[in-house]
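# Sequence first, then the predicted structure, then my questions.
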Amino acid sequence: MENVMMGIIRSTMYLVVLLASFSSLGNDMWRGLVVKEEHRCSPYDKKSQYPYPASVESAIVDSMGGQIYGPYTGTYYQSTSETDIEHIIAASEGHDSGLCAASPETRKAFATDLLNLTLASPAVNRCSSTGKCGLDAGEWLPPRNQCWFALRVIEIKTKYGLSVNPVEANTLESVINNCPSFEMVFYAPAGSAPTKYVTQSTGHTHSCLTETGMVLCASKRFIAGETEVLPAFSLITSDPQKQTTPNRLDLRQHHSH
């Protein structure tokens, strides 16, 4: 009888451990991204490991239709001398989220990828009491274009296989659950033309979110009330050779502010 009871106890304990393991596995993924705390697995030096040419600045401006615009604050500038080249996911944050184990080629690709680049004023870009510096999305969100920013973070982390920490995942989930659009919004200065919802030209298709990850999907462009519907694309993967056609498109409606 005693042996039977011990067997039952051992079986019960094994079941509890097994269920806990499955639960842990389930909690370790969010929208296709690994959830874990940041970890610096190798030394970090931005200048030598994440170089980018000054010419990317012109490419950023071109991607925004030639406008010198800071999407984080909705501010227009007269000259790029007023702005910094801004990495949406900072090099230090990317390094601690997985790039610390990446090749030099991958790190350089990350640093020069237009998907991860925009413009911001020095007050926003640099390290200060209000600056973004190397903070992640769980620690800092832009005052404007939060939906565009949140999707970009997910797109970039998916592309480079980077992790998110729990606070970051919860923050991003909270943002994207309240997004009518993921386009960059060009806020209209007072007394000028209406606000524009424009698909930024980065050479990348736009993504729509599903419960388990992302699929590239039909995107709408809103300019002065006109709508252009772009075609649906394929499931996003880090390897273009492995892309497949999605069976679900999560289209979201765009609304004027």
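Yep, that arrived.

# Tell me how many other residues crowd the nearest residue to Q67 once chain neighbours are set aside.
Of all residues not flanking Q67 in the chain, Y76 sits nearest, at 6.5 Å (CB to CB, 6 or more residues apart in numbering). The C-beta positions use only the backbone N, C-alpha and C, and glycine is treated the same way. Neighbour count for Y76, taken as other CB atoms under 10 Å: 15.

# Kindly report the same for S129.
Other residues close to S129 by other CB under 10 Å number 5.

# Could you list the low-pLDDT ranges of the protein?
Filtered on pLDDT under 70, the chain yields the residue ranges 1-27, 190-257.

# the strands in it, which residues?
For the chain, applying DSSP state E gives strands covering 29-30, 33-34, 69-70, 75-76, 84-87, 117-120, 184-186, 196-198, 207-209, 214-216, 220-223, 226-229.

# Give the other helices and strands that the fourth one contacts.
Using 3 or more CB pairs under 8 Å, 6 or more residues apart in numbering; DSSP states H and E as the contact criterion, the secondary-structure elements in contact with strand 75-76 are strand 69-70.

# residue contacts, V56?
By CB atoms under 8 Å, 6 or more residues apart in numbering, the contact set of V56 is 85, 112, 114, 117.

# quick one on the thing from earlier: now for the residue nearest to Q67: which residues touch it?
When contacts are counted by CB under 8 Å, 6+ apart, Y76 touches 67-70, 189.

# now it: how far from D96?
Going from Y76 to D96 by CB to CB, to the nearest Å gives 33 Å.

# separation between T118 and S92?
From T118 across to S92, the span is 17 Å (CB to CB).

# So if I had to pick from these two, which one is more boxed in?
Ranked by neighbour count (other CB under 10 Å), T118 and S92 place T118 first, with 28 against 19.

# neighbours around the closest residue to the more buried one other than its chain neighbours, how many?
Residue nearest to T118 in three dimensions, not counting chain neighbours: E86, with 5.1 Å by CB to CB, 6+ apart. For E86, the neighbour count with other CB under 10 Å is 21.

# what's the distance between E86 and S58?
15 Å.

# same deal with S97?
In this view, S97 and S58 are 28 Å apart by CB to CB.

# Which of these two has more residues huddled nearby?
Using other CB under 10 Å, the more surrounded residue of S97 and S58 is S97, with 26 against 12.

# Not counting its neighbours along the chain, what's nearest that one?
L162 (4.1 Å).

# which ones are touching the one you found?
Residues in contact with L162, defined by CB under 8 Å, 6+ apart, are 33, 89, 94, 97-99, 156.

# at 7 Å what do you get?
Going by CB atoms under 7 Å, 6 or more residues apart in numbering, L162 touches 94, 97-99.

# wait, doesn't C179 sit right on C147?
Yes. If you go by CB atoms under 7 Å, C179 and C147 touch, sitting 3.8 Å apart.
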